[in-house]
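> Give me a 3D structure for the following:
(2 chains)
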Protein chains: 2
Amino acid sequence: MKKLIGAAILGQSGGPTSVINSSAAGVFLEALKQENITAVYGAKHGIKGILNEEFFDISKEDLEELELLKNTPSSMIGSVRYKLKKLEEDPSDYERLLEVFKKYNIRYFFYNGGNDSMDTANKVSKFFKDHDYECRVMGVPKTIDNDLFGTDHCPGYGSAAKYVATTLMELYHDATVYDTPMVTVVEVMGRNAGWLTAAAQLAIEKGQGPDLIYLPELTFDYDEFFSDVEKILKQKSKAIIVVSEGIKDKDGLYVPEKFTNLTTDSFGHAQLGGTAEVLASEIQNRFNVKVRGIEFSLLQRCAAHLASNVDVTEAYQAGVEAVKAAVNGTTDHMIGFKRISNKPYKMEYILVPLDVAANTEKKVPLEWIKPHGQGMTNDFVDYALPLIQGDNKAPLVDGLPRFANLKKVLVNKK
Amino acid sequence: MKKLIGAAILGQSGGPTSVINSSAAGVFLEALKQENITAVYGAKHGIKGILNEEFFDISKEDLEELELLKNTPSSMIGSVRYKLKKLEEDPSDYERLLEVFKKYNIRYFFYNGGNDSMDTANKVSKFFKDHDYECRVMGVPKTIDNDLFGTDHCPGYGSAAKYVATTLMELYHDATVYDTPMVTVVEVMGRNAGWLTAAAQLAIEKGQGPDLIYLPELTFDYDEFFSDVEKILKQKSKAIIVVSEGIKDKDGLYVPEKFTNLTTDSFGHAQLGGTAEVLASEIQNRFNVKVRGIEFSLLQRCAAHLASNVDVTEAYQAGVEAVKAAVNGTTDHMIGFKRISNKPYKMEYILVPLDVAANTEKKVPLEWIKPHGQGMTNDFVDYALPLIQGDNKAPLVDGLPRFANLKKVLVNKK
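The predicted model follows:
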């Protein structure tokens, strides 16, 4: 294996999770140790920071603060939603990236994100190769949606799943406290894959969960839905319902699409929201009961105080493994997880080709989803339970989390 | 002091908190120890459970499960929103209560709730006295709103304040992660008193809080608000705003009142909601930026996983003190807290006459509120900070909280 000497850069991309910074800690702390890596940079707002020549010099940071990144939610160096154009349509971004990489002799590129980010890393790597610029490009997975192909699960999912299950257990106690009829509809993130919504099953297993769960993998049927809600109301006068933001009816329409026009984000995804509220309001109209629509919103993806120890640890190690693999000659791969066993939980780190991970969404297996909103099978529980184990959160100062405080020293532009 | 021998009953009333069950644990465990107390009951759904002769025999519960109540959110034996009619209008409820108390020889009545609940306890006590039925009636304070008169603070507030401050710190990292303009509006509970909204200042003190805070104690001015939002957007392209659900303009209108008709709950309070969403939508229209409205909703009052140790401990002890005081001859009082010092935090338990606590809302002192949404003074920080200290949460089983599991054995009706 040829020794490749040069700088390393990490970019964070896409929506935050509780542990994306834990992966950053893994990349930074490992890269700082490697002899072949001459400088360690953090791109300000992902690929945009590279295009703009804006990156932080990580060697200027205190190691203690980099350690605290493990428990600091979101993307400390800034994230981005920016999709590269197709090369044949507009090569300017690719050319600019190559120019910047050359100027700073960046030979290691780590990109932490979801499907779109793996696609970006893959395209950049191909362009560099075609222009004979040697650079090792490694993906580090990240998404609360857990929808990356080629890996058993994704960093970020375990903590978000723990948030969903814990919060639903607490809500169960709150939303059933009066002796009057009440329907609570909770909306969970997950555009096309219902992994996070499925975590509601973990609360059901404790006897403190919702009555109905709806994943986007199954077609949402309004008639069946209202009929099921009515049955539960008759049985016990209270119902808790968990829905994915991405549920669609047989015509392919999202719930809020019946009421408002959807806008789209820069990746062309529909911006959702309001599913719980719309359904709650419809239930109120039909059954004349008190309702409450609750959207977990951003809270579910940044609740670092509820992060799972398994997730924090794996996210960190994924960063470390990416650096080690790159230094040892690997390129064009994402670090993935392969599960060896559930009980006890054992997994190993694997290399997934970037073009396998890119742009393919891994949905929840249909055989794990019980029909009619009835939740998930034991196979899902066996899968998900190991991922939410243990606590791992920031130390408290004044009763509040002590998150990392980076100096963020920008590298002088050349 | 005359020895009063008989049964004791606890009722839980009003909206849940993370620690109302901790007070229940205090009352139950202390009452079970007292020789003068012949039976310990938990009223199913507060005063309604007494009217219906539905109460649980607490002596049937395992002590370990009663201990777990300390970390179980909401009201384990069921809460209620039920306001007794004025005696002169309809004495039937009062007569029925007296009948039930006599039938079961209940001589100790503990009522855990907010202003309305203290009012209920007070009225019942007066009626019993007028009918020569000796019963010691003690209130245990409870409310995330922190608006009870005669006490430095209320159990439930510290944990909810810790939730608000912690979650806002996490949201700060999430909502500022992109380099594109964005306004996040967060809605916090608090109908007339802004104590909980004010807790946002604790996040600001850490440099990871909102830009603007609006309490219901000050008149909300739309022109000033939009002008301040615009300034912040120009300065740094992102704004985080925290509003109380109860803010009102100069005409006395709540934010959602401009858009929808309000309904009222059984106490005659307006049912609020949608303040964040309405403001976010208005900001989007005016400034053409991405917005997000987030309502902490029920999550802020049942997040036992984020409970403050000070709060859990004080809530428990308030229950214990209520029982001790009652057995020692006190009646018609609520347990209150008197602060001795902030640094180090010291307080003592005091007795507050029920008619002082009842129906008077304690608002945030105006001199603690900076004008124009600019947050709270140091006096508030000194006041609030001691109340959020330390963690105290349920043990984890399978990575999820192990809440109390009561048998809830109903007492046979006589």
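> Outline the domain layout of chain A.
A:6-143+A:304-359+A:390-401, A:157-301 (automatic domain parsing).
> Could you tell me the least trusted of those?
Lowest mean pLDDT of those: domain A:157-301, a mean of 90.
> Kindly check the end-to-end length of that one for me.
In domain A:157-301, first residue to last residue: 9 Å (CA to CA, to the nearest Å).
> is chain B contacted by it?
Yes. Against chain B, domain A:157-301 shows contacts by CB under 8 Å from any CB of the partner chain at A:162, A:165-167, A:169-171, A:173-175, A:177-179, A:184, A:202-203, A:205-206, A:208, A:292, A:294-295, A:297-299, A:301. The C-beta positions use only the backbone N, C-alpha and C, and glycine is treated the same way.
> In strands, which of the residues you listed fall?
Among the residues of domain A:157-301 next to chain B, the ones falling in strands (DSSP state E) are A:Thr184, A:Arg292, A:Ile294, A:Glu295.
> Which residues are in contact with the residue lying closest to the first one once chain neighbours are set aside?
It stands for A:Thr184. Closest residue in space to A:Thr184, ignoring its immediate chain neighbours: A:Ala175 at 4.2 Å, by CB to CB, 6 or more residues apart in numbering or on different chains. Contact analysis of A:Ala175 by CB atoms under 8 Å, 6 or more residues apart in numbering or on different chains lists A:Met182, A:Thr184, A:Lys238, A:Ile240, A:Arg292, B:Leu298.
> so which two of those are the farthest from each other?
A:Lys238 and B:Leu298 (13.2 Å; CB to CB).
> Mutual contacts of those two, please.
A:Ala175, A:Thr184.
> Looking at those two, which one has more neighbours?
B:Leu298 (24 against 21; other CB atoms under 10 Å in any protein chain shown).
> check contacts around the most centrally placed residue in chain A.
What sits nearest the mean C-alpha location of chain A, by CA atoms, centre = their mean, is A:Thr143, with 1.6 Å. Neighbouring residues of A:Thr143 by CB under 8 Å, 6+ apart: A:Gly14, A:Gly15, A:Thr17, A:Gly113, A:Gly114, A:Asn115, A:Cys154, A:Gly156, A:Tyr157.
> With respect to chain B, which of the residues you listed is nearest?
Set against chain B, the nearest of the contacts of A:Thr143 by CB to the nearest CB is A:Gly15 (8.3 Å).
> So for that closest one, what's the nearest residue that isn't a sequence neighbour?
Nearest to A:Gly15 is A:Arg301, by CB to CB, 6+ apart, at 6.3 Å.
> Helices of the stretch 201-350 of chain A, start to end?
A:222-236, A:275-287, A:299-302, A:309-327 (DSSP state H, counting those that start in this stretch).
> picking up where we left off before, which residues does the residue nearest to A:Gly15 contact?
By CB under 8 Å, 6+ apart, the neighbours of A:Arg301 are A:Gly15, A:Pro16, A:Thr17, A:Ser18, A:Pro73, A:Ile144, A:Gly156, A:Ala160, A:Met189, B:Asp174.
> swap the cut-off to 7 Å and go again
Taking CB atoms under 7 Å, 6 or more residues apart in numbering or on different chains as the contact definition, A:Arg301 lies against A:Gly15, A:Pro16, A:Thr17, A:Ile144, A:Ala160, A:Met189, B:Asp174.
> could these be laid out in CSV, adding secondary structure?
Listed next are those as CSV, based on DSSP: H, G, I helix; E, B strand; the rest coil:
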residue, secondary structure
A:Gly15, coil
A:Pro16, coil
A:Thr17, coil
A:Ile144, coil
A:Ala160, helix
A:Met189, coil
B:Asp174, helix
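> Just the closest of these to A:Ile213, please.
Out of the contacts of A:Arg301, the member with the shortest distance to A:Ile213 (by CB to CB) is A:Met189, at 14.2 Å.
> May I have the phi/psi pair for that closest one?
Note on A:Met189: its backbone torsions stand at phi -70, psi 160 [degrees, to the nearest 10].
> which residues sit against stretch A:358-366?
A:115, A:118-119, A:122, A:147-149, A:192-195, A:198, A:215, A:217.
> Name the SS class of A:Met108, please.
Heads up, residue A:108 is Tyr, not Met. Here A:Tyr108 is recorded as strand under three-state DSSP.
> That's all I had, so thanks and see you.
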